[in-house]
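**Student:** any chance you could fold what I've pasted below:
(one chain, ligands or ions: 1)
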Amino acid sequence: MAKLSIIYYSGSGNTEQMADLIGEGAESAGVEVVKSQVEAAEESLAEADFVALGSPSTGSEEVAPEIVEYIERVKDKLVGKKIGVFGSYDWGFGEWINMWIEELKNENIEVVGEGCIVHLTPDDDEKIEKCKNYGIEIVK
Ligand SMILES: Cc1cc2nc3c(=O)[nH]c(=O)nc-3n(C[C@H](O)[C@H](O)[C@H](O)COP(=O)(O)O)c2cc1C
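**Tutor:** Down below sits the predicted model:
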């Protein structure tokens with residue numbers, strides 16, 4: 001069975017809820033999902049066919065430093081895999097994820113679509129479907 005590894009940082013739980021929904025989407029497509037907070041993430045991604053990385057917009061339109069550091073450690077293992085990126089934001093327009101995708105592409109890391117962003121909590125049908133569909137898209 002193919003495996004999706006979801007690794008995320010979430011300060012107040014919104015990005016974590018997105019991780020759950022992305023995982024549900026991928027599972028509905030028949031893929032095994034392993035979800036971990038970045039602090040507990042395994043260094044080896046060897047067994048993952050797909051990876052989803054989650055970070056809220058933080059600082060000033062920035063990816064969480066915990067995720068930046070994690071990617072720095074494992075980036076060689078991300079090359080050649082389909083990588084999804086996702087996260088929650090509040091007052092911005094999603095600039096952080098666009099810059100993040102550019103940076104990953106510069107490292108020859110293939111990102112799925114435009115990533116998946118949600119304003120605050122994924123708490124209505126539209127946001128929930130958006131996350132689940134992104135999970136399906138990552139593992140297609
Ligand atoms: C220190 C800090 C900095 C933030 N900076 C931004 C920002 O630059 N742009 C933005 O849209 N939201 C920003 N936010 C809002 C968070 O992205 C938003 O609350 C998000 O839902 C948090 O997700 P989480 O619950 O997964 O931590 C910031 C929040 C905090 C606490």
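**Student:** OK, contacts around the nearest residue to residue 21 once chain neighbours are set aside?
**Tutor:** Excluding its sequence neighbours, the residue lying closest to residue 21 (C-beta to C-beta, 6 or more residues apart in numbering) is residue 131, at 3.6 Å. No exception for glycine: its C-beta is placed from N, CA and C like everyone else's. With contact set as C-beta atoms under 8 Å, 6 or more residues apart in numbering, residue 131 has these partners: 18, 21-22, 25, 86, 116, 118, 122.
**Student:** same question for residue 82.
**Tutor:** Listed by C-beta under 8 Å, 6+ apart, the contact set of residue 82 reads 49-51, 110, 112, 138-139.
**Student:** try it again at 10 Å.
**Tutor:** Going by C-beta atoms under 10 Å, 6 or more residues apart in numbering, residue 82 touches 4, 49-52, 109-112, 137-140.
**Student:** which of those sits closest to the ligand?
**Tutor:** Nearest to the ligand among the contacts of residue 82 is residue 52, at 14.0 Å by C-beta to the nearest ligand atom.
**Student:** can you count the residues close to residue 62?
**Tutor:** When neighbours are defined as other C-beta atoms under 10 Å, residue 62 has 16 of them.
**Student:** how about residue 14?
**Tutor:** 21.
**Student:** need phi/psi at it.
**Tutor:** phi -70, psi -50 (degrees, to the nearest 10).
**Student:** again, but for residue 55
**Tutor:** Torsion angles, degrees, to the nearest 10, at residue 55: phi -150, psi 140.
**Student:** alright, that wraps it up for me.
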